[in-house]
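> build me a model:
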Amino acid sequence: MTDYLPCEELHPQTPATASVIWLHGLGADGRDFVPVIPMLRLPREPAIRFVFPHAPSIPVTANNGYVMPAWFDILAFDEERKFNPAQLLASAAQVHKLIDREIERGIPSDRIMLAGFSQGGAVNFQAALTYDKPLAGLLALSTYFPSHEAIDVHPANAGLPILLCHGSNDQILSVRMAMNSRRYLEQLGFTPDFRTYFMAHEVCGEQLEDISRFIQNHF
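From the prediction side, this is the model:
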């Protein structure tokens with residue numbers, strides 16, 4: 001029996017024909033973005049199931065070993081974040097299991113989208129670009145791409161649509177990190193849509209409109 005990450009789920013009123021797997025940031029949990037979904041004002045069709053996994057609680061070195069929900073350990077809060085690569089890869093593998101489960105539940109892979117905020121987005125860069133079946137897209141929100149040097153992009157997702165969103169006043173992950181992510185993606189052959197907003201490490205109304213449009217355009 002496969003062990004899946006525990007998840008919050010939002011189900012559509014009719015049988016789901018698409019899925020979004022949305023990862024939270026460091027110290028949050030799967031409930032963090034549930035209230036955001038109604039703000040996207042998505043139409044009833046396509047019928048989208050939203051899956052919000054909970055990260056395990058682990059000691060975070062850069063937070064003095066404090067135990068909190070985290071997708072991987074942060075060793076130092078420097079510009080590009082020293083991190084535990086094995087834990088990042090393990091979290092990406094858990095996301096792959098959730099994608100597989102959505103396929104088993106009747107959703108084609110190209111009707112499955114990944115979204116991730118902050119540390120969750122860092123995991124989903126790895127998860128989306130290495131998955132062995134084509135996905136619908138990737139929403140990378142206020143995040144960065146720590147595994148860019150070692151990633152082996154799977155041909156199935158070499159043309160993956162990607163929306164990068166970042167706050168120009170983000171004091172947690174600087175907008176330079178998002179600009180670097182765009183550069184890394186372009187070096188890998190992607191053409192991400194990169195958008196900045198007058199906000200901090202958060203989401204805003206204008207951004208939610210862009211997210212909604214991206215979801216609708218790629219489902």
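> what does the longest helix anywhere in the chain rub up against?
As assigned by DSSP state H, the longest helix anywhere in the chain is helix 85-104. Residues outside helix 85-104 that contact it (CB atoms under 8 Å, 6 or more residues apart in numbering): 2, 4-5, 7, 19, 21, 23, 49, 51, 53, 55, 58, 71-73, 109, 112, 114, 122-124, 126-127, 130-131, 133, 135, 146-147, 150. For every residue, glycine as well, the C-beta is placed using N, CA and C.
> C-alpha coordinates for that helix, PDB please?
Extracted in PDB, the C-alpha atoms of helix 85-104 (Å, rounded to 0.1, in the frame of the first residue of the first chain):
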ATOM      1  CA  PRO A  85      19.200  18.100  -1.300                       C
ATOM      2  CA  ALA A  86      18.200  14.600  -0.300                       C
ATOM      3  CA  GLN A  87      15.200  15.900   1.600                       C
ATOM      4  CA  LEU A  88      14.100  18.100  -1.300                       C
ATOM      5  CA  LEU A  89      14.300  15.100  -3.700                       C
ATOM      6  CA  ALA A  90      12.300  13.000  -1.200                       C
ATOM      7  CA  SER A  91       9.600  15.600  -1.000                       C
ATOM      8  CA  ALA A  92       9.500  15.800  -4.800                       C
ATOM      9  CA  ALA A  93       9.100  12.000  -4.900                       C
ATOM     10  CA  GLN A  94       6.100  12.400  -2.600                       C
ATOM     11  CA  VAL A  95       4.600  14.900  -5.000                       C
ATOM     12  CA  HIS A  96       5.100  12.400  -7.800                       C
ATOM     13  CA  LYS A  97       3.100   9.900  -5.700                       C
ATOM     14  CA  LEU A  98       0.200  12.400  -5.400                       C
ATOM     15  CA  ILE A  99       0.300  13.000  -9.200                       C
ATOM     16  CA  ASP A 100       0.100   9.200  -9.700                       C
ATOM     17  CA  ARG A 101      -2.800   9.000  -7.400                       C
ATOM     18  CA  GLU A 102      -4.700  11.700  -9.300                       C
ATOM     19  CA  ILE A 103      -4.100   9.700 -12.500                       C
ATOM     20  CA  GLU A 104      -5.400   6.600 -10.700                       C
END
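> what's downstream of it, the next helix or strand?
Downstream of helix 85-104, the first helix or strand assigned by DSSP states H and E is strand 112-117.
> who are the packing partners of the following helix or strand past that next one?
Downstream of strand 112-117, the next assigned helix or strand under DSSP H and E is helix 119-130. The contact analysis (3 or more CB pairs under 8 Å, 6 or more residues apart in numbering; DSSP states H and E) places helix 119-130 against strand 18-23, helix 85-104, strand 112-117, strand 137-141.
> helix 119-130 vs strand 18-23, what angle?
130 degrees (axes from the mean of the first three to the mean of the last three CA atoms, to 10 degrees).
> low-confidence bits of this structure, can you list those?
Applying pLDDT under 70 to the chain flags the ranges 1, 78-80.
> mind listing what residue 190 touches?
159, 160, 162.
> which of those count as buried?
By neighbour count, with 16 or more other CB atoms under 10 Å, the contacts of residue 190 hold 160, 162 as buried.
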